[in-house]
Structure formats: C-alpha cells, structure tokens
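A.B. asks: give the three-dimensional model of this entry:
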Amino acid sequence: MRNWCARHPIYFMGLYALFYLTFFALLERTIQTPDLLVHCRLDDLIPFCKYAIIPYSLWFPWIPFTLFFILYKGERSDFWRLCLPLFAGMTMALLFYAIVPNGLALRPRYVPGNDIFAKSVRSLYRTDTPMNVCPSIHVFNSVTLMLAYYRTRCFDAPRLRWMRPAAAVLCVSIALSTMLLKQHSVIDVVFGMLLAFALDAIATEVQRNPQPSRRNRRERQPEWL
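C.D. replies: Next up is the predicted model:
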C-alpha cells in the first residue's frame with residue numbers, strides 16, 4: 001500500500017478527498033444537536049463582517065493549489081512531508097467531531113444586503129451547518145500549509161520567495177475570517193493552531209529520526225542473537 005501511494009500521489013489525494021468529504025457530509029447529516037456549544041467572551045467582542053467571505057473562500061482553492069505546486073515543483077519528500085500531517089490532522093478532527101459532537105450559536109439571525117458578499121454569506125450559512133467546529137479545520141489546514149511554504153526547499157528560489165510571506169498573510173486572513181463570519185469561536189481557532197503545530201513537530205521528529213527498515217534491523221543484529 002505504501003509503495004502504491006508513493007507511485008500514485010494524485011490517486012492518493014483523490015481517495016483521501018473522497019473519504020474526507022464523505023465522512024464530513026455524514027457527520028453534517030447525522031449530528032443535528034451538539035453535545036457541546038463552543039463559546040467564550042472574546043467571541044462576543046469580535047464583530048461580524050461579511051467581507052471576510054473573501055479570504056474564507058480562498059481556503060478552498062489554496063489547499064489543492066499548494067499540494068499540486070509542491071508535488072510538481074518541489075521534491076517528493078517535501079510533498080509527503082506536507083500530506084501526512086495535513087491528512088492526519090483532518091482525520092483526527094473528524095473523529096473528534098464524531099466522539100464529541102460540538103457546534104456554536106454565534107451566527108447573526110439575518111445577514112442584510114443584496115450585494116455579492118451578503119449573498120455569499122447567506123449561501124454559506126445554508127450549506128454549512130454550525131456544527132463540527134472545534135478544532136477548526138479551516139485554521140488547521142491554513143497553518144499547516146503556511147509551515148510547508150517556509151519549510152519546502154523549492155521556495156528558496158528567488159522568484160518564489162514572495163510566496164512565503166503571501167502564505168503567512170493568507171493564513172492569518174483565513175483564521176480571522178472564520179471568527180469574523182461567526183463560523184468559528186476563538187476556541188476553535190486556538191485548538192486548530194495547536195493541532196497544526198503539534199502534528200508538524202511530530203512529523204519533524206519522525207523525519208529527523210526515521211525508523212530503520214526490517215532488513216536493516218536484521219543486519220544490525222549481533223551474530224549471537
């Protein structure tokens with residue numbers, strides 16, 4: 001299975017996307033009442049802003065763009081270094097939603113206006129329930145992608161260095177947009193960030209100390225064993 005994934009990274013991404021979307025849609029349909037409402041005092045101090053739909057929506061194309069860019073422009077090891085914590089964290093978030101159904105009650109009752117921003121927010125509210133929010137996958141993915149831009153060697157090239165600060169700005173903008181749109185609580189954002197940094201640190205440690213293969217372990221055993 002590992003060799004198949006290494007030879008077919010695009011199929012691997014496609015299969016995981018299918019798994020994630022199916023699992024998330026199942027949670028959205030089956031979990032209608034949360035066991036835990038996420039809220040803190042800071043949430044009440046953050047104003048609603050319909051214009052935040054712009055950076056919030058950029059999250060959707062940013063993920064596949066980054067994955068395919070690193071796959072084709074970077075080294076294969078850098079691609080897998082991004083994929084593994086990214087997909088592991090998304091799976092862990094889904095499992096947490098299933099075990100601890102959570103949601104929020106922060107959205108405004110009505111979004112006034114007939115401009116494209118108000119219409120987009122109303123459309124988002126209709127299609128995305130205020131459930132399955134903590135940790136925020138929007139924030140987790142954004143932080144994980146940003147870290148990949150600063151770690152991946154292909155962005156050392158002078159013509160690509162601008163993408164690193166651009167990724168940082170986009171990451172912060174997306175995190176803020178989740179709160180300004182009342183899609184997430186500050187708590188969701190904090191736990192999304194913590195999950196991203198924790199899995200990135202684990203992946204770094206595993207990369208630094210790779211486990212020897214079975215063949216190498218047998219070769220390293222003393223003769224008297």
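A.B. asks: for the rest of this, base every contact and every neighbour count on C-alpha atoms.
C.D. replies: Fine.
A.B. asks: measure Asp128 to Arg107 for me?
C.D. replies: Distance, Asp128 to Arg107, using CA to CA, to the nearest Å: 12 Å.
A.B. asks: for Gly113, same thing?
C.D. replies: Taken as CA to CA, the span from Gly113 to Arg107 is 16 Å.
A.B. asks: who has more neighbours out of the two?
C.D. replies: With neighbours defined as other CA atoms under 10 Å, Gly113 and Arg107 compare such that Arg107 has more, 15 against 10.
A.B. asks: pretty sure that one sits against Leu180.
C.D. replies: No. With contact defined as CA atoms under 8 Å, Arg107 does not reach Leu180; the gap is 9.9 Å.
A.B. asks: quick one: find the helix or strand in the chain with the lowest mean pLDDT.
C.D. replies: helix 214-220 (a mean of 50; mean pLDDT, DSSP states H and E).
A.B. asks: ok, and the closest non-adjacent residue to the residue positioned nearest the centre of the chain?
C.D. replies: The centroid of the chain falls nearest to Asn141 when counting by CA atoms, centre = their mean (1.9 Å). Distances taken as CA to CA, 6 or more residues apart in numbering place Leu86 nearest to Asn141, at 6.5 Å, with adjacent residues excluded.
A.B. asks: quick one: which helix or strand includes that neighbour?
C.D. replies: helix 76-99 (DSSP states H and E).
A.B. asks: where does the chain dip in pLDDT?
C.D. replies: The model of the chain has pLDDT under 70 over residues 1-2, 4-6, 211-225.
A.B. asks: how about the helices in it?
C.D. replies: Applying DSSP state H to the chain gives helices spanning 2-7, 9-30, 41-45, 53-73, 76-99, 116-127, 137-151, 163-180, 186-208, 214-220.
A.B. asks: check those helices for me and report the most buried one.
C.D. replies: Looking across the helices of the chain with neighbours counted as mean count of other CA atoms under 10 Å, the highest average goes to helix 137-151: a mean of 23.
A.B. asks: what helices and strands are in contact with that one?
C.D. replies: Contacts defined by 3 or more CA pairs under 8 Å, 6 or more residues apart in numbering; DSSP states H and E place helix 137-151 against helix 53-73, helix 76-99, helix 163-180, helix 186-208.
A.B. asks: how about 6 Å then?
C.D. replies: helix 163-180, helix 186-208 (3 or more CA pairs under 6 Å, 6 or more residues apart in numbering; DSSP states H and E).
A.B. asks: contacts for the shortest one?
C.D. replies: Under the criterion CA atoms under 6 Å, 6 or more residues apart in numbering, residues 48-49, 52, 55-56, 139, 142, 146, 149, 184 lie in contact with helix 163-180.
A.B. asks: just give the nearest non-adjacent residue to Ala52, would you?
C.D. replies: Nearest non-adjacent residue to Ala52, counting by CA to CA, 6+ apart: Ser177, 4.8 Å away.
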